[in-house]
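Asker: Test case, fold it:
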Amino acid sequence: MLHWLCRGCSLIVLSRRFTQVSELLRRHCNAPVTTAGLLTLLLIPSIALQLNSRSFRSQESFSLQRLIDQLNLLQSFQGDPRRTPPTLWQQRLGVSLANDLWRYQGRDIWWQAWADDGKAYLVLPSKIWPQKVHSGIHFDRFQNYVLIGSDPLHQQQLLHRLNKRALPVISQRSNLELHCISQLLRRPAVIWNPDGLAAISRSLAPFVQFSRWGCLSIQLHRNELRWQGVIGSRPLSSSPSYLFPIPNNQHSTFTSSLKSADEKDHLLSLNVSESDFLFGSLLSKSMVKEPLETKFGISLLSRKRLAEAPVSISLFAKPKGRYRANIQMRLILPGENSRWLSVLQSISRHLKQQGFQQLSPSLPALNHPVAGNDVVSLWEESHANSKAIAGGWRLQKLSERQSQLDLAMGAAPLSDQSASKNIELATDEVMELWANPAGLSHLGLMNGRWPTAVKTAKSLNIRLRSLKGDHSRRHRWWWMSGQLKLDSDIRSRP
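Answerer: Okay, here's the model as predicted:
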């Protein structure tokens with residue numbers, strides 16, 4: 001309120017001043033002068049400045065989008081002159097120039113980029129770049145930015161690709177793309193394509209194909225890293241105009257029903273509305289698809305029904321025994337038990353051929369009673385003079401149209417009391433994940449280019465929701481939010 005009162009007072013004072021000036025001009029000039037005319041003359045420079053500012057901002061967006069089109073991953077950081085320059089600055093610029101530009105940069109945004117060659121580029125706004133620099137610095141100006149590579153060849157590779165394509169028209173960009181550009185210009189954020197995702201995730205890549213394209217804004221609050229943004233299994237550029245970069249239920253709070261910090265051996269819990277999010281790309285590969293059909297009798301129709309099935313997965317560490325971890329999986333399958341019995345029988349035959357031994361389902365290893373209608377199978381593997389439970393399953397009839405399949409690898413299927421209960425997700429939710437990154441790293445299950453801060457983190461929560469405008473929930477783009485609790489000794493550094 002005080003702000004608007006001050007503005008009102010200022011306008012009154014200006015109006016009176018214009019009137020006084022107008023009267024003076026009328027007395028000394030023959031030409032008529034009005035207050036409106038003076039206002040127009042005085043406002044023209046202000047309007048021009050506003051237009052120039054918008055034009056410059058628009059040009060920044062044009063240039064950045066053209067860069068994004070040729071990169072696998074681009075990350076934006078906020079400068080902090082109170083700290084020493086990042087390692088990449090010193091490597092690409094030398095210590096002296098890095099210190100000078102880092103101070104001059106202030107708290108503005110700068111970028112780190114990766115292309116096909118694998119080495120990181122330093123990207124700076126051209127307004128801070130000096131007229132002359134040392135000849136050993138490999139840089140080129142590209143519109144509003146300066147691109148600094150590790151060597152001449154590295155530098156020329158990106159510049160050659162940038163000069164091959166025409167500048168994209170910003171009006172042709174989707175709402176999701178425009179959102180990403182805005183985030184990368186204003187705050188710490190990251191954008192990637194499938195190649196960038198594969199470089200980071202490595203062995204986990206087949207299970208994160210739902211996020212092949214995406215961008216996230218990032219915020220560090222004490223020892224907690226938070227992010228949110230849009231992801232998709234298809235390019236953001238192909239998203240329809242009625243999808244907007246906010247969740248359907250934007251007032252929904254982040255509450256995870258999967259958090260299991262009390263169980264020290266619990267490494268991961270995941271609930272997904274459709275198993276296709278995790279296994280879709282894997283099941284479509286010929287090297288996987290053919291054995292499923294020929295050895296296990298899982299037809300195309302069965303794979304489609306499996307893809308639509310809700311799934312819950314838990315991973316537990318095993319301090320002792322032959323296996324270092326065990327997986328517990330629950331699938332809610334369409335149809336009666338008989339539909340899936342033939343598949344399980346085919347799996348049983350294959351396991352016997354591989355040397356596994358089938359055990360009695362009444363063994364104490366199951367740790368729960370077996371109902372009369374349940375189909376239970378438990379398998380043991382012999383190695384030298386030792387034996388270990390390799391896994392098993394339990395198929396239960398829920399209704400005439402629905403069955404529940406509990407699978408286990410590295411242990412026996414857990415009882416209903418121990419395993420994840422129902423696969424529960426909110427109306428707008430697609431996926432919910434809790435994980436212990438430090439525990440996963442200890443077992444060698446995070447072998448990609450994950451930062452050290454991620455590998456040593458205490459807990460990870462991720463939530464995937466449908467976007468505003470997605471009423472059918474059949475689109476391939478979603479809103480992702482998450483948080484990572486870092487080790488207390490870790491400090492944020494790019």
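Asker: which strands and helices sit next to the helix or strand harbouring residue 200?
Answerer: Here residue 200, judged by DSSP states H and E, is contained in helix 194-201. Other elements packing on helix 194-201 under the criterion 3 or more CB pairs under 8 Å, 6 or more residues apart in numbering; DSSP states H and E are strand 73-78. All C-beta spots, glycine's among them, are computed from the backbone N, C-alpha and C.
Asker: ok, then the element right after the strand it packs on?
Answerer: helix 87-93.
Asker: Now residue 207: closest residue in space that isn't a chain neighbour?
Answerer: The shortest distance from residue 207 to any non-neighbouring residue, by CB to CB, 6 or more residues apart in numbering, is to residue 278 (5.2 Å).
Asker: Does the one you found touch residue 306 like I think?
Answerer: No - in this structure, residue 278 is not within contact of residue 306 by CB atoms under 8 Å, at 11.0 Å.
Asker: What ranges in the chain fall below the confidence cut-off?
Answerer: For the chain, the stretches flagged by pLDDT under 70 are 1-58, 164-171, 250-263, 336, 361-372, 415-422, 448, 473, 488-494.
Asker: hmm, who's touching the top strand by length along it?
Answerer: Longest strand in the chain by number of residues (criterion: DSSP state E): strand 386-399. Applying CB atoms under 8 Å, 6 or more residues apart in numbering, the external contacts of strand 386-399 come out as 321-323, 326, 332, 336-337, 340-341, 344, 356, 359, 365-366, 370-371, 373-381, 403-413.
Asker: Now, those residues that are in helices?
Answerer: Counted as lying in helices by DSSP state H, out of those, are 337, 340-341, 344.
Asker: got a winner among those residues for most neighbours?
Answerer: residue 340 (22 neighbours; other CB atoms under 10 Å).
Asker: on that earlier part again, what pairs with the longest strand of the chain, parallel or antiparallel?
Answerer: strand 375-383 (antiparallel), strand 402-409 (antiparallel) (DSSP bridges).
Asker: thinking again about what came up before, which of the contacts of strand 386-399 count as buried?
Answerer: 323, 326, 332, 337, 340, 344, 356, 359, 366, 375-381, 403-413 (16 or more other CB atoms under 10 Å).
Asker: which residues in the stretch 1-150 of the chain form helices?
Answerer: 2-28, 35-69, 87-93, 95-105 (DSSP state H, counting those that start in this stretch).
Asker: Chain neighbours aside, what residue packs nearest to residue 380?
Answerer: Closest to residue 380 by CB to CB, 6+ apart is residue 357, at 4.8 Å.
Asker: Residue 383 is in contact with the one you found, correct?
Answerer: No - taking contacts as CB under 8 Å, residue 357 lies outside contact range of residue 383: 11.9 Å.
Asker: what's residue 217 sitting at in phi/psi?
Answerer: phi -90, psi 150 (degrees, to the nearest 10).
Asker: Repeat that for residue 413.
Answerer: Given degrees, to the nearest 10, the pair of backbone angles that residue 413 has is phi -60, psi 140.
Asker: Touching, it and residue 327? I think so.
Answerer: No - assessed by CB under 8 Å, residue 413 is found out of contact with residue 327, at 10.6 Å.
Asker: so what's in contact with the two at the same time?
Answerer: Joint contacts of residue 413 and residue 327 (CB under 8 Å, 6+ apart) are residue 407.
Asker: show me what contacts residue 245?
Answerer: 175-176, 179, 229-230, 467, 479.
Asker: so which of these comes closest to residue 146?
Answerer: Checking the contacts of residue 245 against residue 146 with CB to CB, the nearest one is residue 179 at 25.5 Å.
Asker: Give me the neighbour count for residue 239.
Answerer: What residue 239 shows, counting by other CB under 10 Å, is a neighbour count of 24.
Asker: any idea how far it is from residue 324?
Answerer: Residue 239 is 41 Å from residue 324, where distance means CB to CB, to the nearest Å.
Asker: what does residue 398 give?
Answerer: Distance from residue 398 to residue 324, by CB to CB: 33 Å.
Asker: And residue 317, by the same measure?
Answerer: With CB to CB as the criterion, residue 317 and residue 324 are 7 Å apart.
Asker: Compare neighbour counts for those two and give me the winner.
Answerer: Taking neighbours as other CB under 10 Å, residue 317 and residue 324 compare with residue 317 leading, 19 against 14.
Asker: who does that one bridge with?
Answerer: residue 325.
Asker: Tell me which residues touch it, please.
Answerer: With CB under 8 Å, 6+ apart, residue 317 has these contacts: 265-267, 324-325, 439, 443.
Asker: just checking, residue 328 is part of a strand?
Answerer: Yes - using DSSP: H, G, I helix; E, B strand; the rest coil, the assignment for residue 328 is a strand.
Asker: And for it, nearest residue in space, chain neighbours not counted?
Answerer: That would be residue 314: by CB to CB, 6+ apart, it lies 4.5 Å from residue 328.
Asker: Surely the one you found touches residue 327?
Answerer: Yes - between residue 314 and residue 327 there is a contact under CB under 8 Å: 7.3 Å.
Asker: Which of these two has more residues huddled nearby?
Answerer: A count of neighbours by other CB under 10 Å puts residue 314 above the other of residue 314 and residue 327, at 24 against 17.
Asker: Which of the three states applies to that one?
Answerer: strand.
Asker: Distance check, it against residue 344.
Answerer: 21 Å.
Asker: Likewise for residue 428?
Answerer: In this view, residue 428 and residue 344 are 34 Å apart by CB to CB.
Asker: can you check residue 443 too?
Answerer: Taken as CB to CB, the span from residue 443 to residue 344 is 29 Å.
Asker: do the same with residue 295
Answerer: 13 Å.
Asker: from the contacts of residue 317, which is closest to residue 290?
Answerer: Once CB to CB is applied, the member of the contacts of residue 317 that ends up nearest residue 290 is residue 325, at 28.4 Å.
Asker: So the closest one sits against residue 442, correct?
Answerer: No - here residue 325 does not reach residue 442: they are 10.3 Å apart, not a contact under CB under 8 Å.
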